[in-house]
Every structure is written in structure tokens, then in C-alpha cells.
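# Requesting a structural model of the entry that follows:
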Amino acid sequence: MLSSTALVAVAAFVPLVASHAAFWTPAMWGFNVTAQSYDYDNRPVVPLQDMTYQQWWFHNHLDHPPNPGDFFELPAGGVAHSQISCDKGSTSYFASSPGGKAGYPTNDVCVGQPMSAYHTNGLNDLGGCGLGIVYKSDVNQVQPEDFTIFSVNATCPFYLNTDFSIPPALPACPEGGCICAFFWIHKPDSGQEQMYMNGFRCQVTGASGTTPIGKPALPRRCGADPANGVANATPSNCTVGPKQPFYWLQKERNNMFEGVYSPPLYADDLYFHDGAQNDIFQPATVNGVAVYSDQGASTPPPSTPPPPPPPPPSEPAPSNDAPAPPPKNDAPAPNNDAPAPNNNNNSPGPQNNSAAPVNNDSPPAAQNPPPTPANQPPPANTFAASNPDPTAATQAPSTTKQCKSTKRKRNVNAARHVKRRLSHDLH
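Below you'll find the model as predicted:
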């Protein structure tokens with residue numbers, strides 16, 4: 001019977017049961033990390049869930065960089081051949097695997113294990129994988145928001161040998177290469193939800209494009225999603241153009257906040273199509289509206305109107321050397337040049353940033369009509385404009401002729417009233 005010490009020694013050389021998958025390349029951070037490299041299991045195949053930013057960002061492998069000169073090649077307009085496996089021993093890099101060769105050559109993601117080991121029930125139960133790129137060579141200058149998904153494989157992970165189509169217009173990397181990463185989130189019906197990320201150095205080969213990738217925006221759900229009660233697609237909600245990867249289910253720096261049964265997937269419902277993402281060389285838009293302004297700042301949603309400009313500063317009303325006569329009939333004093341601004345108006349000005357709003361209670365003198373000739377009544381609209389108060393309309397007209405006519409009518413009415421009263425008393 002083996003002692004406990006012997007069992008520990010044997011276990012150190014036996015690979016752990018591989019129940020997850022990683023993107024294997026010598027150009028990756030953490031290529032030679034084993035279960036003993038950290039005080040927790042941080043092998044590249046281990047999923048990421050409920051972790052701090054340092055723990056999930058590049059799988060906390062930034063202290064284990066690739067060797068200088070190691071790059072994963074991205075042939076512009078061609079296909080990049082990758083190896084996704086639960087065990088490095090099943091890949092062409094088995095020589096550096098702690099357990100040695102484990103079924104190589106093979107096209108099985110997890111040799112000798114069921115499909116549930118890599119979180120799927122079959123080809124019709126895959127959420128897709130994405131490759132992201134940043135046009136920087138210093139990994140310490142890279143932020144999560146910098147990555148742009150440039151290729152998607154919708155049947156990933158299902159085969160160890162997985163191909164990713166590269167956009168023909170992908171430009172060359174700067175000196176020192178680009179920073180790339182593999183991203184994967186599986187569907188909710190096969191295992192606990194997590195996300196996967198493996199970072200690696202990459203180099204675009206055969207590049208002829210010169211148009212840079214646009215600033216990536218957040219993906220938005222816009223496709224049909226029957227599992228969540230969305231029967232029809234909503235194309236107007238799609239983010240068109242460069243999009244960020246999903247950062248999900250972590251303690252810090254998430255950009256997606258769906259529940260565990262509604263994971264974001266590199267699929268059509270978030271406008272990720274299978275193959276090269278050829279729309280990344282343009283500004284990101286939603287319903288035809290740019291997500292970012294020219295300065296890189298996020299623009300307001302299309303439905304949000306711009307805020308009104310501040311009201312113009314108050315200025316004293318212009319006047320002549322002599323004071324204006326007091327107002328009559330609630331009308332303001334006449335002004336020779338322009339109407340006086342309303343200093344009591346505290347509401348925001350109109351959006352065309354023109355003059356302050358007119359106070360309807362006191363119309364400016366420039367709007368007053370000329371005096372009405374004595375031999376004709378004033379027009380109805382002029383009278384209404386000069387008497388905004390309804391009670392002012394009952395005042396007597398200003399001409400003598402109209403006053404005599406009014407007095408005569410009053411005397412006749414009074415005589416009729418007396419005659420009618422006397423007749424009533426006689427009865």
C-alpha cells in the first residue's frame with residue numbers, strides 16, 4: 001500500500017482531470033503554468049468566475065509571458081489554425097506538458113471524456129468563441145475596453161483543431177506585434193456558467209490594409225432569443241461595427257450583466273456573425289447613430305434630446321436721458337431702440353440660443369399699434385392685443401361720439417323702465 005507521501009508525489013506527475021479547455025500556443029501568457037504554479041489552480045484551462053480583476057485579466061498570467069519572438073500568426077484574408085484542448089498533452093505541444101502526450105494526434109477537445117467536459121451537448125449547443133486584438137505591443141498598456149473581436153467561430157469549442165477566418169483588411173501590427181486574446185462563454189444548459197480568456201502575442205502577416213480598427217463599443221442584444229421570451233429580432237438595437245469582448249460574472253470590471261441563465265454569446269443575437277468580422281473598420285453605430293464622438297467620448301442615446309443652452313445674461317433696458325412716462329392701461333413704457341429684456345425670466349432659453357422669451361403679460365412697446373383715428377373704431381385684433389386682460393375690454397371707448405350714443409341709449413332704457421313700473425302699480 002502506498003504511503004500518503006508517495007501518493008502526493010505520484011499526483012504531482014499525473015495530470016488533473018481536464019474538464020475545461022484553453023487556447024494553446026507558445027505565444028500565450030501562462031503556456032507553462034501548472035497546478036503548482038500558484039496557491040490555487042490557475043492552469044490555462046481553468047474557467048474564470050467571481051474573480052478580482054487581477055485574477056481574471058489575462059488569467060493572472062502576466063508574470064508568465066511568452067518567449068521573445070513567439071507570435072501567433074494571423075494571415076490577413078486567410079485562416080488562423082488554433083488548437084483548443086482540455087489538455088496540452090493532446091496538442092502538438094505535448095512535449096512541454098507535465099503529463100506528456102495524451103492522445104495526440106486527435107481532433108477531440110477532451111480526449112476520453114464526454115462532451116459535457118467542454119460544456120456542450122452537441123454541435124447545435126454551442127455559443128461560439130471569439131478572438132480579440134489590440135494594436136499595442138506593451139501588454140501593460142492594454143485595458144479590457146481596448147480589445148476588438150475580429151473573428152468568431154460559431155462551432156467552437158467542438159474540435160481541437162479550430163480555424164478562425166481573418167479579415168482581409170486587417171492592418172499590420174506595430175513593432176513588437178499586437179496583443180490578442182481568446183474568449184469563450186458556453187451555453188447555460190451544460191455546466192456551471194463561467195467565462196474563459198487566454199492572452200497571447202500575435203502578428204498579422206501579409207497585411208495590405210491601412211484603415212485602422214474603430215473604437216470598439218459594447219455589444220447589444222438585438223437578435224431573436226426564444227429562450228428568454230424574445231420571439232423577433234430588433235435590428236435597430238444592434239451594435240454595428242467594432243465590438244468589445246464579454247467580461248462577465250466577475251467581481252470587478254464586468255461590461256455585461258446578464259444572469260447566469262442568459263449568458264452573452266458570440267452569436268447572432270449580439271450581432272457576432274460566424275467568420276471574419278469585416279465591419280470593424282468603421283465607427284461603431286446603433287441604429288445609424290455613432291456610439292462615440294470624434295473625441296472618443298460616448299454620445300447620448302438617439303432618443304435623448306440635447307440639454308437646452310443657458311439663458312442669455314440679463315442686461316439693463318436701454319433708455320433716453322429723460323425717464324420714460326409711467327405706463328398706462330398695463331402697457332409698458334415705449335422704447336425707441338428695442339424691447340427691454342425680461343429680468344424676471346429664470347427659465348432656460350430656447351435651443352436656438354436666440355433672444356430671451358417674450359413676456360406675454362407685458363408686450364414690448366415696439367409691438368404696440370399706432371393710435372386709432374377718432375372717426376373709426378379700432379380693429380378687433382389691435383384692441384385685443386392692447387388689452388390682454390379680459391376685464392379691460394369692458395371699458396368705454398375713447399371717442400365723444402360713442403359716449404353720446406351710449407348715454408342716449410341709457411336714458412331711453414331708464415324711461416321705459418319707469419313707464420313699465422307705473423303701469424304695474426296701476427294694476
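# how about stretch 158-167 as CSV, C-alpha atoms only?
What follows is the C-alpha trace of stretch 158-167 in CSV, where atoms were taken according to Å, rounded to 0.1, in the frame of the first residue of the first chain:
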residue,chain,number,x,y,z
PHE,A,158,-16.1,21.3,-30.7
TYR,A,159,-12.9,20.3,-32.4
LEU,A,160,-9.4,20.5,-31.1
ASN,A,161,-8.2,22.0,-34.5
THR,A,162,-10.3,25.1,-34.8
ASP,A,163,-9.9,27.7,-37.6
PHE,A,164,-10.6,31.4,-37.4
SER,A,165,-11.1,33.5,-40.5
ILE,A,166,-9.0,36.7,-40.6
PRO,A,167,-10.4,39.9,-42.2
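# In this protein, which strand is the longest?
The strand spanning the most residues in the chain, taking DSSP state E as the definition, is strand 196-205.
# Could you export that strand as CSV, CA atoms only?
In CSV, the C-alpha atoms belonging to strand 196-205 read as follows (Å, rounded to 0.1, in the frame of the first residue of the first chain):
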residue,chain,number,x,y,z
TYR,A,196,-12.7,31.9,-20.5
MET,A,197,-9.8,34.1,-21.5
ASN,A,198,-6.3,33.3,-22.7
GLY,A,199,-4.0,36.1,-23.9
PHE,A,200,-1.2,35.8,-26.5
ARG,A,201,1.1,37.8,-28.7
CYS,A,202,0.1,37.9,-32.3
GLN,A,203,1.3,39.2,-35.7
VAL,A,204,-0.7,40.0,-38.8
THR,A,205,1.1,38.5,-41.9
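# Pull up the pairing partners for the next helix or strand after that strand, direction included.
Tracing the chain past strand 196-205, the next element assigned as helix or strand by DSSP states H and E is strand 239-240. On the basis of DSSP bridges, the sheet neighbours of strand 239-240 come out as strand 285-286 (antiparallel).
# Leaving out chain neighbours, which residue sits closest to residue 255?
Of all residues beyond its chain neighbours, the one nearest residue 255 is residue 247 (4.8 Å), with distances taken as CB to CB, 6 or more residues apart in numbering. Every C-beta, even on glycine, is put in place using the N, C-alpha and C of the backbone.
# which residues does that neighbour contact?
Taking CB atoms under 8 Å, 6 or more residues apart in numbering as the criterion, residue 247 is in contact with 56, 144, 195, 253-256.
# And residue 258, by the same measure?
248, 264.
# what pLDDT does it get?
Turning to residue 258, the model gives it a pLDDT of 93.
# separation between it and residue 227?
Distance, residue 258 to residue 227, by CB to CB, to the nearest Å: 12 Å.
# now do residue 134
Using CB to CB, one gets 33 Å for the distance from residue 134 to residue 227.
# low pLDDT regions in this structure?
Within the chain, the set of residues satisfying pLDDT under 70 comprises 1-19, 295-427.
# and if we set it to 50?
Using pLDDT under 50 as the threshold, the predicted model of the chain has low-confidence ranges 1-18, 295, 301, 303-306, 315-414, 417-427.
# Residue 132 falls within a strand, correct?
Yes - under DSSP: H, G, I helix; E, B strand; the rest coil, residue 132 falls within a strand.
# Chain neighbours aside, what residue packs nearest to it?
residue 147 (3.7 Å).
# ok, now residue 66?
Computed as CB to CB, 6+ apart, the closest residue to residue 66 that is not its neighbour in sequence is residue 27, at 4.8 Å.
# cool, and residue 224?
residue 233 (4.8 Å).
# any idea how far residue 282 is from that neighbour?
Using CB to CB, one gets 21 Å for the distance from residue 233 to residue 282.
# Quick one: the helices in the stretch 51-200 of the chain, in order.
Using DSSP state H, counting those that start in this stretch, the helices found in the stretch 51-200 of the chain span residues 53-56.
# is it true that residue 194 touches residue 47?
Yes - the pair formed by residue 194 and residue 47 meets the contact definition of CB atoms under 8 Å, at 3.4 Å.
# how about residue 142, what does it touch?
The neighbours of residue 142, taking CB under 8 Å, 6+ apart as the test, are 134, 136, 179.
# just residue 94 next, same as before
When the contact criterion is CB under 8 Å, 6+ apart, the partners of residue 94 are 88, 100-102, 104.
# just residue 244 next, same as before
132, 144-145, 147-149, 216-219, 255.
# What of residue 51?
With contact taken as CB under 8 Å, 6+ apart, residue 51 is in contact with 250-251.
# Can you report how many residues lie near residue 41?
Under the neighbour criterion other CB atoms under 10 Å, residue 41 is assigned a count of 12.
# Then residue 281?
Other residues lying near residue 281 total 18 when counted by other CB under 10 Å.
# separation between it and residue 241?
When CB to CB is the yardstick, residue 281 and residue 241 sit 8 Å from each other.
# list the residues that contact both of those two?
Contact criterion CB under 8 Å, 6+ apart; residues shared by residue 281 and residue 241: residue 214.
# what sits against the nearest residue to residue 282 once chain neighbours are set aside?
Sequence neighbours aside, residue 241 is the residue nearest to residue 282 in space, at 4.9 Å (criterion: CB to CB, 6+ apart). Residues touching residue 241, when contacts are defined by CB under 8 Å, 6+ apart, comprise 214, 217, 279-280, 282-285, 291.
# With residue 56 instead?
The contact partners of residue 56, by CB under 8 Å, 6+ apart, come to 48, 195, 197, 247, 250.
# could these be laid out in TSV, adding distance to residue 74?
Formatted as TSV, those follow (distance: CB to CB, whole Å):
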residue	distance to residue 74
48	24
195	23
197	18
247	22
250	27
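# Between the residues you listed, which sits nearest residue 23?
Checking these against residue 23 with CB to CB, the nearest one is residue 197 at 9.1 Å.
# wouldn't the closest one be in contact with residue 181 here?
Yes - distance between residue 197 and residue 181: 5.8 Å, which falls inside the contact criterion (CB under 8 Å).
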